[in-house]
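Trainee: How does the following fold in three dimensions:
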Amino acid sequence: MRNMTDVSRYFNKDKNTVWDAVTQALAGIPIETTDMELGLLKTQWVKGWLAKKTTGFLTEGEWQGRYRLFIQVTGVEDKTYVSIKAQTEEKAPGGSRAYRWNRVVSDGTIEQDFLKRIESILDAT
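Mentor: Presented below is the predicted three-dimensional model:
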C-alpha cells in the first residue's frame with residue numbers, strides 16, 4: 001500500500017446505499033475482489049496512455065499507464081465512510097524500461113474523480 005494516495009469522505013447514507021453507489025460507479029471496470037461484509041473492493045488493472053513525456057534530450061513518446069483501485073466502505077453510526085486508494089504504474093515507450101511497470105505515486109486525481117462519481121450517484125437517489 002506504499003506509494004498510494006488515500007482520498008476519503010463521510011456520506012450521510014447507510015452502508016448498503018453507499019455500497020450500491022460504489023458498485024454503480026465501477027461500471028465498466030473489472031472487479032478483482034469484492035467483500036460487502038468487510039466493505040472491501042479491489043479492481044483489476046485499468047490500462048491507458050499517458051500524456052507525452054520526454055524520454056531523453058530530444059525524443060518523446062507515449063507512455064503507458066495503469067491503475068487499480070482499493071476501496072473501503074465502512075458504516076459508522078448513521079454515516080458511511082469511503083476510502084479510495086489508487087495504485088498507479090507507468091511504462092516507458094521504448095528501451096529496456098518498456099518491459100516493466102514502474103510504480104509511481106498517484107496525484108489523487110483518479111481517487112477524486114471516482115469519489116465525485118459516487119457523490120453524483122448518491123445525490124440522484
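Trainee: Identify the nearest residue to residue 6 in space, disregarding sequence-adjacent positions?
Mentor: Distance criterion C-beta to C-beta, 6 or more residues apart in numbering; nearest residue to residue 6, sequence neighbours excluded, is residue 85 at 5.2 Å. Glycine gets a C-beta too; all of them are placed from N, C-alpha and C.
Trainee: Quick check, that neighbour in contact with residue 43.
Mentor: No. Using C-beta atoms under 8 Å, residue 85 is not in contact with residue 43, being 11.0 Å away.
Trainee: List of residues touching the helix or strand containing residue 47?
Mentor: Assigned by DSSP states H and E, residue 47 belongs to strand 46-49. Applying C-beta atoms under 8 Å, 6 or more residues apart in numbering, the set of residues contacting strand 46-49 from outside is 29, 62, 63, 64, 65, 66, 67, 68.
Trainee: ok so, going back, which element is the residue nearest to residue 6 on?
Mentor: Using DSSP H and E, the element containing residue 85 is strand 79-91.
Trainee: Great, nothing more from me.
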